[in-house]
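Undergrad: Pasting the sequence and the predicted coordinates here, then a few questions.
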Amino acid sequence: MYSSKSINRRSFLISMGGLTVSQLLIGCGNNQQTQINIQLLKGSIPAQVADQFHKKLEKQVPVKFAPIAQIQESFKQLQTWQQPPDKQDTGWGRFIPFRQSQAPQLANFMTLGDYWLKTAIEQQLIQPLEPTKFKHWSSLDARWQQLVTRNDQGFPDPQGKVWAAPYRWGGTVIVYNQEKFRELGWIPQDWSDLWRKELRSQFSLLNEPREVIGLVLKKLGLSYNTADLKTVPQLESELKTLNQQVKFYGSTTYLEPLIIGDTWLAVGWSSDIVPILNRYPQLRMVVPRSGTAIWSDLWVSPKGATQNDFSAQWIDFCWESKIVEQISLQTKSNSPIVSNLKSANVPSAFASLLLNSQEVFAKSEFLLPLSAETNQQYEQLFAQMKA
């Protein structure tokens, strides 16, 4: 999928809202009790949603919500959990003689981005889920089911197992300075606008081969997941022209130049952009009309973790219509479950992302894993483009 630099898509201006430590520990109990442990990306689940889940449980089961700041921390935690116990202890405890190694307490479910799913499956860090336990599984669009149904190498496979449960999504979007475009007399609507002469040296692109080459493919009416770039004869010339337009490439601090006025526009991930829009009213976000690349946050179960009936309720809870609406409105992200948000409840700055979610989803694509040979094509062409 993305290059290794894609892990930074959550690293800039992480939302400070959401769950606090005092809100995370709900209930108490001992190790003999059934306990639900959820490790989640900070800001991706509102605190009141966690409270409502605990209240809804038929039995008062202790629930622990532990926040993580960035998705890559989840992946590293998954790797740590699968190491032998003696290698996990990096503190003074490892020097205590005759100490018995204890198995780590695994989360029942944890947040993982779809970018990491292939590697997590391949490295045997997570275990398959049982979709028959989820009453709302059938409510998911077939494309969501296909995204998380994969073989043991992590590639989509209709005969594979279900490895994850999606709970929110966003996409690659355009964010622009309204004041600058008011002077131009038009506003950006689609990828093709990046080729307009007025924007030369006025915008930034993500430093990601799949994203940049993908948006050009989309402009040409093709797929982000095109397997053989050699079959697109006009691609190189389009990329060359686009490169002449770009001021710089960046995947982490690409928003600062836009905020201070050094650029007029940036292409970036909605998860980076959404948190800053309220603070900088001169900025506006738009989802390209022809479609975009979708990222998704998923629930996965670490290998060896308990999957009981109570923990399974968490997945279904996140797919309930009222909860879907709360997550969407408060985290400014879309849900894999179709919801009917009222326009009056959606701030205008987020309207293109939230109110048109089904239209956006229909035209957009997941960045699916490609073969090593195809990935090399993307990387080589991207390097050639910037040379």
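TA: That came through, no problem. Everything numeric here is computed off the predicted structure, so don't read it as measured data.
Undergrad: Okay, strands next: where are they in the stretch 251-387 of the chain?
TA: Counting by DSSP state E, counting those that start in this stretch, the stretch 251-387 of the chain has these strands, from start to end: 265-269, 283-286, 293-302, 365-366.
Undergrad: so which of these comes closest to Lys386?
TA: Distance to Lys386, taken as C-beta to C-beta, is lowest for strand 265-269 among these, at 15.0 Å. Any C-beta I mention is one placed from the backbone N, CA and C, and that applies to glycine too.
Undergrad: where are the low-confidence patches of this protein?
TA: Flagging of the chain using pLDDT under 70 yields the residue ranges 1-33, 58, 85-104.
Undergrad: what's the lengthiest helix in it packed up against?
TA: Secondary structure of the chain per DSSP state H: the longest helix is helix 372-386. Judged by 3 or more C-beta pairs under 8 Å, 6 or more residues apart in numbering; DSSP states H and E, the packing partners of helix 372-386 are helix 209-219, helix 235-245.
Undergrad: Packed most tightly, which of those would that be?
TA: Across these, the average number of neighbours (mean count of other C-beta atoms under 10 Å) peaks for helix 209-219, which reaches a mean of 23.
Undergrad: How is this structure divided into domains?
TA: If you go by automatic domain parsing, the domain ranges for the chain are 4-88+103-169+294-352, 171-293+369-386.
Undergrad: I'd like the helices and strands packed on helix 372-386 written out as TSV, with distance to Phe134 added.
TA: Formatted as TSV, these follow (distance: least, C-beta to C-beta, whole Å):
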stretch	distance to Phe134
helix 209-219	30
helix 235-245	41
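Undergrad: Could you point out which of the ones you listed sits nearest Lys342?
TA: Lys342 lies closest, by C-beta to C-beta, to one member of those: helix 209-219, at 30.1 Å.
Undergrad: report the angle between the axes of that closest one and helix 235-245?
TA: Interaxial angle, helix 209-219 versus helix 235-245 (axes from the mean of the first three to the mean of the last three C-alpha atoms, to 10 degrees): 110 degrees.
Undergrad: Show me how far helix 209-219 is from its chain's centre.
TA: 18 Å (C-alpha atoms, centre = their mean, to the nearest Å).
Undergrad: List the neighbours of that helix that are in contact with it.
TA: The contact list for helix 209-219 (C-beta atoms under 8 Å, 6 or more residues apart in numbering) reads 1-3, 172, 190-192, 194, 205-206, 223-224, 226, 229, 232, 235, 238-239, 242, 249, 267, 288, 290-293, 367, 378-379, 381-382, 385.
Undergrad: What segments of the stretch 51-200 of the chain are strands?
TA: 63-68, 109-113, 126-127, 149-150, 161-162, 165-177.
Undergrad: For the longest one, what is the distance to the chain centroid?
TA: If you compare the mean C-alpha spot of strand 165-177 with that of the full chain, they lie 8 Å apart, counting by C-alpha atoms, centre = their mean.
Undergrad: try stretch 136-152
TA: 16 Å.
Undergrad: quick one, phi/psi of Leu140?
TA: Leu140 adopts backbone torsions of phi -80, psi 140, taken as degrees, to the nearest 10.
Undergrad: Next, count neighbours for it.
TA: Here the count is done by other C-beta atoms under 10 Å, and Leu140 has 20 residues near it.
Undergrad: Of the helices and strands packed on helix 372-386, give the one that comes closest to Val274.
TA: Taking C-beta to C-beta, helix 209-219 is the member of the helices and strands packed on helix 372-386 nearest to Val274, at 17.5 Å.
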